[in-house]
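1. Have a look; sequence and predicted model below, questions after that.
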There are 2 protein chains.
Amino acid sequence: MTNRTPNRKAQIVRAATDLFSRHGFDRVTIKELAQACDITEPAVYRHFKSKDDIYDAVLDSMAERMKSRDLFDSLTESDDVEVVLHKMATHVIDFFTRNEDMHRLLLYSALHKHAKASKVYEIMRGSFVKFLHDQLDRLYGQKMIVKKNNEITARCFVGMVFECALGRTLWKGMQGKTYKPADVIANNVPIYARGLKR
Amino acid sequence: MTNRTPNRKAQIVRAATDLFSRHGFDRVTIKELAQACDITEPAVYRHFKSKDDIYDAVLDSMAERMKSRDLFDSLTESDDVEVVLHKMATHVIDFFTRNEDMHRLLLYSALHKHAKASKVYEIMRGSFVKFLHDQLDRLYGQKMIVKKNNEITARCFVGMVFECALGRTLWKGMQGKTYKPADVIANNVPIYARGLKR
DNA sequence: GTCACCTTAGTTAATGCTCACTAACTTACA
DNA sequence: TGTAAGTTAGTGAGCATTAACTAAGGTGAC
């Protein structure tokens, strides 16, 4: 027997996350996954009863990864909508730059209508939308922004930021010139903020 | 032999487009595809030399579908940026509501880094971005909008609209309340337009 | 301490299914 | 009568999963 690794199960989930996000569930074989962990195929089945089971574990682990980075620490409650939008956009893009795989897994799971896709969506986007929605409600209460449907506004803004993050991963190299995220934010957040300010 | 259909090749491409967009290339078998066309598997190979070949043809056919609907007929050149944005958003969402499959195929092809993904991206998004970019340049020339990087602005706005369209297909049922596209547009376009107007 | 024994995590080898693709044959029609 | 477009019946590769076996290490009796 080769070396017995302390947390093999977690190692498999990490390797599967990487492989599934890069090639998609269907194009990753148990053999590849096992090799990435320096074990043989059947050893994988000591820890998971099926390939689908591994997918489940991968999607579950995303919840942990989101939770552990206490999301909204950096998102201070400012009275300036531009500051709120700017912090949120920076935070989201920064997060996805360092966790490209999560965005891809979200798309894969949604396209395949995986049973956990809704949960993943909720974890990854719902929390941002809810946060911004609350902030907009607060700012409206303080008469800082105009009257709008704040849920729609929040969804659209978060959608735009997610799209922008995708530009750096999924659409990379397809869009002609590549702009720095900071420049994109500096260009667009003021437009949106100006449109919202009272 | 069963009935000899006049344009079997086109029929296969249509059926493949439908199946690939709904389940993804890897989860569609030639058998399913053949059945959808009321023929047997080997008959498919009279028209295409491989499954990959069919994928190629599907992606190529998207270009045709975009071209044939002369994209920008409805997009009149207004002097009001709000009108321009409104028409574009309506047009895009309307288009994807009726051609959900194309949006899914774009995502699949990009995720799988298909050789034709860039082309598909260019056809589907690039043309919108370019149009809006030109319009923004024109409006800036007419001193109707403030100074911005119009390419970034165009990309972001199109991204937001595409995201919104995805909400009605990919994220359907994951977002809690479902809003009518018209309501989303009515809420958001004025924000963006107000932020841009001089 | 050490020895029997159980559990856990690994191995090699095989199994059986699915699926893309092919061979060989057939028929409609220009 | 040749060709294009079908058919039925394979074939072989790939892949998830299992069978059978093995070794490492912890535990409790002595």
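-> Now that the structure is in, tell me what you want to look at. Residues are numbered from 1 along each chain as shown, chains lettered A, B, ... in the order given.
2. Next, please give the residue ranges for the strands of chain A.
-> Assigned by DSSP state E, chain A shows no strands.
3. Could you list the domains of it?
-> With automatic domain parsing as the criterion, the domains of chain A are listed as A:8-55, A:69-196.
4. what's the closest of those to DNA strand C?
-> Set against DNA strand C and scored by CB to the nearest atom of the strand, the domains of chain A come closest in domain A:8-55, at 3.2 Å. (C-beta placed from N, C-alpha, C; glycine too.)
5. Lowest mean pLDDT among the helices and strands of chain A, which one is it?
-> For chain A, counting by mean pLDDT, DSSP states H and E, helix A:51-68 ranks last in confidence among helices and strands (a mean of 92).
6. Give the buried residues for that one.
-> Along helix A:51-68, these residues count as buried under the neighbour rule (16 or more other CB atoms under 10 Å in any protein chain shown): A:Lys51, A:Ile54, A:Tyr55, A:Ala57, A:Val58, A:Leu59, A:Ser61, A:Met62, A:Met66.
7. Filtering these by proximity to DNA strand D, which remain?
-> A:Lys51 (CB under 7 Å from any atom of the strand).
8. Return the member of the buried residues of helix A:51-68 nearest to A:Leu33.
-> If you rank these by distance to A:Leu33 using CB to CB, A:Ile54 comes first, at 7.5 Å.
9. Those residues of chain A touching DNA strand D, which are they?
-> On the criterion CB under 7 Å from any atom of the strand, DNA strand D has as its neighbours in chain A the residues A:1, A:4, A:28-31, A:41-42, A:45, A:49-52.
10. I'd say A:Arg22 and A:Glu100 touch.
-> No: no contact is recorded between A:Arg22 and A:Glu100 when judged using CB atoms under 8 Å, the distance being 9.3 Å.
11. hmm, who's touching the least confident helix or strand of chain A?
-> Outside helix A:51-68, the residues that touch it by CB atoms under 8 Å, 6 or more residues apart in numbering or on different chains are A:12-13, A:16-17, A:20, A:25, A:30, A:33, A:44, A:48, A:99, A:102, A:105, A:109, A:114, A:116, A:119-120, A:123-124, A:127.
12. Only whichever of those are buried, select them in PyMOL.
-> What follows is the PyMOL syntax for the buried subset of the contacts of helix A:51-68, where burial is set by 16+ other CB under 10 Å:
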select buried, chain A and resi 12+13+16+17+20+25+30+33+44+48+99+102+105+109+114+116+119+120+123+124
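13. and the contacts of helix A:51-68, which of them are in helices?
-> With helices identified by DSSP state H, the entries of the contacts of helix A:51-68 that belong to them are A:12-13, A:16-17, A:20, A:30, A:33, A:44, A:102, A:105, A:109, A:119-120, A:127.
14. how about those in TSV, adding distance to B:Arg155?
-> Supplementary listing: those in TSV, determined by distance: CB to CB, whole Å:
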residue	distance to B:Arg155
A:Ile12	39
A:Val13	35
A:Ala16	33
A:Thr17	29
A:Phe20	29
A:Ile30	40
A:Leu33	36
A:Val44	42
A:Met102	22
A:Leu105	24
A:Ser109	26
A:Lys119	30
A:Val120	26
A:Ser127	25
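15. In the residues you listed, find the pair that's most separated.
-> Put simply, by CB to CB the two of the ones in helices among the contacts of helix A:51-68 set farthest apart are A:Ile30 and A:Ser127, 32.8 Å from each other.
16. And the furthest pair within the buried residues of helix A:51-68?
-> Top of the distance list for the buried residues of helix A:51-68 (CB to CB): A:Lys51 and A:Met66, 24.0 Å.
17. mind checking how far A:Glu82 is from A:Ala186?
-> A:Glu82 is 11 Å from A:Ala186, where distance means CB to CB, to the nearest Å.
18. now A:Glu163: how far from A:Leu85?
-> From A:Glu163 over to A:Leu85 the distance is 15 Å, taken as CB to CB.
19. In chain A, where is pLDDT below threshold?
-> Low-confidence segments of chain A, defined by pLDDT under 70, are located at A:1-4, A:68-74.
20. 50 - rerun?
-> Along chain A, segments meeting pLDDT under 50 span A:1-2.
21. picking up where we left off before, so of the domains of chain A, which one's packed in deepest?
-> When you average the neighbours per residue for each of the domains of chain A (mean count of other CB atoms under 10 Å in any protein chain shown), domain A:69-196 leads with a mean of 18.
22. re earlier: may I see the residues of chain A next to DNA strand D organised as JSON lines, with distance to A:Val158 added?
-> Conversion of these to JSON lines gives the following (distance: CB to CB, whole Å):
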{"residue": "A:Met1", "distance to A:Val158": "49"}
{"residue": "A:Arg4", "distance to A:Val158": "44"}
{"residue": "A:Val28", "distance to A:Val158": "30"}
{"residue": "A:Thr29", "distance to A:Val158": "36"}
{"residue": "A:Ile30", "distance to A:Val158": "36"}
{"residue": "A:Lys31", "distance to A:Val158": "39"}
{"residue": "A:Glu41", "distance to A:Val158": "41"}
{"residue": "A:Pro42", "distance to A:Val158": "43"}
{"residue": "A:Tyr45", "distance to A:Val158": "40"}
{"residue": "A:Lys49", "distance to A:Val158": "37"}
{"residue": "A:Ser50", "distance to A:Val158": "34"}
{"residue": "A:Lys51", "distance to A:Val158": "32"}
{"residue": "A:Asp52", "distance to A:Val158": "30"}
